[in-house]
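1. got a predicted structure here, sequence first:
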Amino acid sequence: MWLAMQSQSVPSGTIVSGTHNHSIIYPGTERTYKVYVPAQYSGDKPACLLVCMDGILYDAAAKMDTLIAAGDMPVCIGVFVEPGVVRNSRGDVVRYNRSREFDTMNGEWAEFLEKELLPEVEGMTLADGRTVHISGDANDRAITGASSGGICAWSAAWYRPDLFSRVYTAVGTFVAMRGGNDYPALVRKTEPKPIRIFMQDGERDAWNALFGSWWEYNQLMHSALKFAGYEVAESWDKGGHSIRYGTLAFADAMRFLWKGWPAKVKKGNSENDMLKHIIDHKSEWEYVARYSAHSDTLYLNPSMAIAAQEQLLSRGHHFALSPDHKVLVQSEPGSNWLIAYAMGDNRHLMYGERFYWLHSADNDALQENGPMAFDTEGNLYVATAMGVQVCDQNGRVRAILTLPQGAVTNLSFVDNVLYVVCGGNIYRRTMKTRGYHHNQPKIEVKSQGQG
């Protein structure tokens, strides 16, 4: 169905409707979507992108007409997508997929957009002959949503900063619904990503107090983002859990998100003391090669030269030996825990207990944690589905290093260079700290105490 947008003062865009009902990522779902194409779009080069969950919120299409005409945002294709529903053979809706799709803290929604919905939009031909082409550059892409759609927008950029650099959340559901309450902690611990964000919420926001206070969690999220060095702006008001004030703030949000475009959105500098200590901010992840499990040239998966470790390795677990040879750490499959053993005489393992606790990338599908390595200061680096989690001597995650491809499946230090395997590729990064290998002479490590 084709609709012409009405306006007396600015050129009107065009909207086309579509249905998506062949998802592999969300099997059995069907959903509708609308694509807004501004009048200024000529079709001769890719346009910027704004994705919005729950359809056309904020009166966005009409406001984009005005913003684009005024030069407050670039020529931008809008994709407004509804959540999926699942029907039985009689056509009855048997499952509403909104919370499953929007509130879940993983990269599935971003993957759905990347691999299923946006390819369907790309190449669409309008009635006047223009063909839709969308920029693949994350810097040219924004994503927005309200309530569960708000946390969904953040998750899409957080897990896939290679797809989206600009985020607007209205009354975002950063509460204890499907783990969203963990985001403030994760933002504080994780190396900042190239994301700019505008947040809106109201003091009376609480859709369902069972899950917590939306207002309080948005404040916590905002505080974490500022601590972590993100470029963040906000519109706080007296409203409740409603789209009203999010609609009023939409134009300001777009002006903030797109200011300075096409200049790149840059990473900020976190106040996280561990990140400051271990990361050289001038060094980024560098692609090395495709990963081969048979290659040992990069010292991946070095075997431990102690009898106890060799015994455990035969069971398929992952381990690391501290630089002072006083602690052996072993993964515990299917949990967030790592087991720490004291090393006694004759390499005897004593007093094993759950000591190191890791964040999980997806609480519904815990995966065995991967290889690990110590640095010479006694901090432990662990390959996980969330990235490289860095623990202090007291077993607490203090920093998280991520790549856009997601899960890190292997890691190893070579002097002060950290190598990781992610998405089937090897990457490396120069660190401020130096790694320790079991075949090096043992060294004394300064205690970090009980703090």
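-> That came through, no problem. Numbers count the residues shown, from 1 in each chain.

2. now do the contacts for the nearest residue to Val390 once chain neighbours are set aside.
-> Nearest residue to Val390, sequence neighbours excluded (Cβ to Cβ, 6 or more residues apart in numbering): Ala399, at 4.1 Å. (C-beta placed from N, C-alpha, C; glycine too.) Ala399 makes contact with Lys189, Thr190, Glu191, Asn272, Met274, Leu275, Ile278, Ile279, Gln389, Val390, according to Cβ atoms under 8 Å, 6 or more residues apart in numbering.

3. now, those that are in strands?
-> Assigned to strands by DSSP state E, the following of the contacts of Ala399 qualify: Gln389, Val390.

4. top of the contacts of Ala399 by neighbour count?
-> Most neighbours among the contacts of Ala399, by other Cβ atoms under 10 Å: Gln389, with 28 neighbours.

5. what score does that one have for pLDDT?
-> Per-residue pLDDT puts Gln389 at 96.

6. same question for Ala365.
-> In this model, Ala365 is scored at 38, pLDDT.

7. number of residues surrounding Gly344?
-> Gly344: 11 neighbours (other Cβ under 10 Å).

8. if the residue lying closest to it once chain neighbours are set aside is in a bridge, with which residues?
-> Closest residue to Gly344 apart from its sequence neighbours, by Cβ to Cβ, 6+ apart: Met350 at 4.8 Å. Note on Met350: beta-bridge partners by DSSP bridges are Ala342.

9. what do you get for the one 4 residues further on?
-> Partner residues in beta bridges with Arg354, using DSSP bridges, are Ile339.

10. that older thread, now, the contacts of Ala399 that are in helices?
-> Those of the contacts of Ala399 mapping onto helices are Lys189, Met274, Leu275, Ile278, per DSSP state H.

11. at which residues are the strands of the stretch 301-450 of the chain located?
-> Per DSSP state E, counting those that start in this stretch, the stretch 301-450 of the chain carries strands over the ranges 319-321, 327-331, 337-343, 349-357, 372-374, 380-384, 387-391, 397-401, 408-414, 417-422, 425-430.

12. stretch 94-111: end-to-end distance?
-> 24 Å (Cα to Cα, to the nearest Å).

13. go on, stretch 429-437?
-> Taking Cα to Cα, stretch 429-437 runs 17 Å from one end to the other.

14. where does pLDDT dip in the stretch 151-300 of the chain?
-> Low-confidence segments of the stretch 151-300 of the chain, defined by pLDDT under 70: 293-300.

15. who does the one helix or strand Arg95 maps to pair with, and is each partner parallel or antiparallel?
-> Taking DSSP states H and E as the criterion, the element that holds Arg95 is strand 93-96. With DSSP bridges as the test, strand 93-96 is paired with strand 85-87 (antiparallel).

16. name the surrounding residues that touch the strand it pairs with.
-> In contact with strand 85-87 (Cβ under 8 Å, 6+ apart) are residues Gly28, Thr29, Glu30, Arg31, Val93, Val94, Arg95, Tyr96, Asn97.

17. and the residue positioned nearest the centre of the chain, what does it touch?
-> Taking Cα atoms, centre = their mean, the centroid of the chain lies closest to Tyr159, which sits 2.1 Å from it. Counting by Cβ under 8 Å, 6+ apart, Tyr159 makes contact with Asn106, Gly107, Ala110, Gly406.

18. farthest pair within the residues you listed?
-> Across the contacts of Tyr159, the longest distance by Cβ to Cβ is 10.0 Å; it joins Ala110 and Gly406.

19. ok, those two, which is more surrounded?
-> Legend: neighbour count by other Cβ under 10 Å for Ala110 and Gly406, higher for Ala110 (24 against 18).

20. which SS class is the more buried one?
-> helix (DSSP: H, G, I helix; E, B strand; the rest coil).

21. go ahead and confirm it touches Asp162.
-> No. Contact criterion Cβ atoms under 8 Å: Ala110 and Asp162 do not qualify, at 9.3 Å.

22. let me know how buried Tyr351 is, in neighbour terms.
-> 9.

23. I'd say it and Met343 touch.
-> No. Contact between Tyr351 and Met343 fails when scored by Cβ under 8 Å: they sit 10.1 Å apart.

24. now the helices for this structure?
-> 60-70, 98-102, 108-112, 118-121, 148-159, 183-189, 214-227, 244-258, 273-278, 307-313.

25. before we move on, the earlier item: can you pull the pLDDT of the residue nearest to Val390?
-> pLDDT, Ala399: 98.

26. His241 versus the closest residue to Gly13 other than its chain neighbours, what's the distance?
-> Using Cβ to Cβ, 6+ apart and skipping residues adjacent in sequence, the residue nearest Gly13 is Pro38, 4.4 Å away. Per Cβ to Cβ, to the nearest Å, Pro38 is found 31 Å from His241.

27. which of the two has more neighbours?
-> Higher neighbour count among Pro38 and His241: Pro38, with 25 against 17, using other Cβ under 10 Å.

28. wait, the more buried one touches Ile68, no?
-> Yes. At 5.0 Å, Pro38 and Ile68 qualify as touching, with contact defined as Cβ under 8 Å.

29. can you pull the residues that touch both of those two?
-> Joint contacts of Pro38 and Ile68 (Cβ under 8 Å, 6+ apart) are Val75, Cys76.

30. residues near Ala233, how many?
-> 18.

31. what's near enough to touch it?
-> Ile197, Phe198, Met199, Asp252, Ala253, Phe256.
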